[in-house]
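**Student:** Compute the structure for the input listed below.
(one chain, ligands or ions: 1)
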Amino acid sequence: MPLRFIHTADIHLGKTYRHGSGEAERSEDFFLCLAGIVKDALAENVDFVLIAGDLFHTGQILPRTFARTIEILQPLKDACIPCIAVEGNHDWIHRRDSISWMEALSQMGYIRLLRPSRTADGGYVFEPFDEEQGRGGHLVIKDLNIYGLGYIGAQAGHHVPRICEAVTTDNNLLLFHVGIWTFSPVEIGNMQPEEAHPLADRFGYVALGHGHKPYLVETPDGRTYGFNPGSPERVNFGEQKYAKGYYLVDLEDGRFRHVFRATDPRPMHAVVIDLDEASDAETALEGFRRQMASALDAEQDGRRPLIDLKLVGRVAFHPFELGRERLRTVLEEECRPLHAEIRNHLSLVTRGSDGESAKKSLADIEKEVLHELVGANSRYKDRQDELVALSLAMRDLVLKGEVSDEELLGILAQKDDASAGG
Ligand SMILES: [Mn+2]
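**Tutor:** Below you'll find the predicted structure:
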């Protein structure tokens with residue numbers, strides 16, 4: 001029986017920047033992205049939609065994130081198109097936290113959350129999905145067997161034989177939130193291609209999630225079995241470098257044929273501004289403005305962009321003079337960014353008495369100043385390095401804009417506990 005489905009992953013609903021004015025608009029990006037996929041699902045008359053993990057950005061979400069998710073998924077529910085999902089590392093929740101938001105969505109019939117149960121000796125059991133309870137690990141649509149496995153941790157590769165053993169049907173698809181090393185080498189939660197390949201004997205289509213960059217996995221003899229659509233919106237800086245979208249898949253006569261459908265993510269730019277040899281802050285600021293304008297020239301589409309800005313070069317004035325406020329004013333005039341992260345890597349060139357030039361980076365200067373401040377308090381004298389590192393780490397978190405004030409206080413409290421030996 002021919003069937004058609006959409007495979008997406010890593011939607012990251014609830015992600016936003018908590019500091020600054022763009023919070024609501026950025027949050028809405030991820031909902032609109034999913035809404036666009038839901039609309040396509042209806043237009044393409046698909047049999048089901050797969051979400052291979054990380055529907056939510058965090059395990060604990062705000063009530064309004066939950067409400068908005070329901071609103072976005074409603075058209076699928078109304079059209080009786082099953083939305084089949086697994087948990088990712090982002091929306092996985094610790095067992096002690098009672099019921100997860102994903103479980104709640106499943107009980108309410110908005111998604112079918114697949115999760116296997118485990119035997120005492122570590123085996124996997126994919127129980128038939130129970131619509132009433134919203135629970136199970138396996139369901140059948142037309143004659144395709146769909147199995148779901150969420151994020152199972154860093155040792156996922158070792159579990160493959162046991163996963164394959166648990167599946168005795170033919171014509172199978174597996175939803176699995178895991179990365180394959182060759183394609184997503186920087187994160188945890190990956191497995192080696194050799195560890196993954198045995199899945200190809202049991203599953204015609206392994207619907208992956210986790211790596212935000214799209215990729216396909218082949219067996220050594222060249223059969224494609226692993227499909228990772230990547231995140232359809234740009235979640236983190238760096239994701240402007242590759243295509244964004246999802247897979248629209250047709251299954252006919254046991255063959256899966258996929259097309260990558262592009263989505264329309266928010267503009268994101270990584271800009272390196274070279275201010276080498278600028279003599280004073282005014283000249284540097286003008287250079288910054290000019291380079292910024294030409295970097296953005298080609299790609300303005302009316303939406304406020306996300307900017308990752310890095311200033312480099314050796315200058316003849318104190319890098320502190322180009323403070324964040326001055327830089328932000330120029331950015332505001334040039335492109336009104338929704339969010340900007342600024343890294344000032346300028347270094348000051350000083351002339352020593354022997355005529356040799358020495359340079360000091362802004363990072364060095366910051367560290368020196370913090371050391372002095374911390375060291376001036378006798379209570380903190382023997383913890384200078386640790387506290388300087390903590391201050392800088394917290395500064396970075398604030399600038400990234402993803403943590404709340406409460407979470408920042410939590411980090412401080414933890415440090416206090418640690419020093420008390422607790
Ligand atoms: Mn993710």
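
**Student:** Please, which helix or strand holds V160?
**Tutor:** In the assignment (DSSP states H and E), V160 maps to helix 156-165.

**Student:** Residue of the stretch 301-422 of the chain closest to the ion, please.
**Tutor:** Nearest residue of the stretch 301-422 of the chain to the ion: E402, at 13.8 Å (C-beta to the ion). For glycine as for every other residue, the C-beta is placed from the backbone atoms N, C-alpha and C.

**Student:** Check the secondary structure at that residue for me.
**Tutor:** The local conformation at E402, judged by DSSP: H, G, I helix; E, B strand; the rest coil, is coil.

**Student:** and T224, backbone torsions?
**Tutor:** Torsion angles at T224 (phi, psi; degrees, to the nearest 10) stand at phi -80, psi 130.

**Student:** Now do it, the pLDDT please.
**Tutor:** We note a pLDDT of 97 for T224 in this prediction.

**Student:** The stretch 151-300 of the chain: strands as residue ranges?
**Tutor:** Under the criterion DSSP state E, counting those that start in this stretch, the stretch 151-300 of the chain contains strands at 172-177, 179-180, 190-191, 205-209, 215-218, 224-228, 245-252, 255-262, 268-274.

**Student:** deepest of those, which one?
**Tutor:** For these, ranked by mean neighbour count under the definition mean count of other C-beta atoms under 10 Å, the leader is strand 205-209 at a mean of 28.

**Student:** wait, the residue of the stretch 301-422 of the chain closest to the ion sits on E23?
**Tutor:** No. At 10.8 Å, E402 does not count as touching E23 under the criterion of C-beta atoms under 8 Å.

**Student:** Now do the shared contacts for those two.
**Tutor:** Counting by C-beta atoms under 8 Å, 6 or more residues apart in numbering, the common neighbours of E402 and E23 are 16-17.

**Student:** one step back: what sits against the residue of the stretch 301-422 of the chain closest to the ion?
**Tutor:** Taking C-beta under 8 Å, 6+ apart, one finds 15-18 in contact with E402.

**Student:** If any of those residues are buried, give me the PyMOL selection for them.
**Tutor:** Here is the PyMOL selection string for the buried members of the contacts of E402, based on 16 or more other C-beta atoms under 10 Å:
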select buried, resi 15+16+17
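
**Student:** Show me which of the contacts of E402 is closest to the ion.
**Tutor:** For those, the nearest to the ion is K15 (9.6 Å; C-beta to the ion).

**Student:** Would you mind listing the residues in contact with that closest one?
**Tutor:** Contacts of K15 (C-beta under 8 Å, 6+ apart): 26-27, 30, 57, 235, 402.

**Student:** Including pLDDT and distance to L175, could these go into JSON lines?
**Tutor:** Below are the contacts of K15 laid out as JSON lines (pLDDT from 0 to 100; distance: C-beta to C-beta, whole Å):
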{"residue": "R26", "pLDDT": "95", "distance to L175": "28"}
{"residue": "S27", "pLDDT": "95", "distance to L175": "26"}
{"residue": "F30", "pLDDT": "98", "distance to L175": "20"}
{"residue": "H57", "pLDDT": "92", "distance to L175": "19"}
{"residue": "V235", "pLDDT": "96", "distance to L175": "20"}
{"residue": "E402", "pLDDT": "77", "distance to L175": "27"}
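
**Student:** Could you pull up the residues touching the residue nearest to G245 when sequence neighbours are not counted?
**Tutor:** Nearest non-adjacent residue to G245, counting by C-beta to C-beta, 6 or more residues apart in numbering: A262, 4.4 Å away. By C-beta under 8 Å, 6+ apart, the contact list for A262 reads 243-245.

**Student:** quick revisit: okay, the contacts of K15 in JSON lines with distance to Y151 next?
**Tutor:** Conversion of the contacts of K15 to JSON lines gives the following (distance: C-beta to C-beta, whole Å):
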{"residue": "R26", "distance to Y151": "25"}
{"residue": "S27", "distance to Y151": "23"}
{"residue": "F30", "distance to Y151": "19"}
{"residue": "H57", "distance to Y151": "14"}
{"residue": "V235", "distance to Y151": "16"}
{"residue": "E402", "distance to Y151": "20"}
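
**Student:** Is E406 in a helix, a strand, or coil?
**Tutor:** Three-state call for E406 (three-state DSSP): helix.

**Student:** what's around it, how many residues?
**Tutor:** Using other C-beta atoms under 10 Å, E406 has 7 other residues around it.

**Student:** Just give me the closest of the contacts of A262 to the ion.
**Tutor:** Closest approach to the ion among the contacts of A262 (C-beta to the ion): K244, at 13.1 Å.
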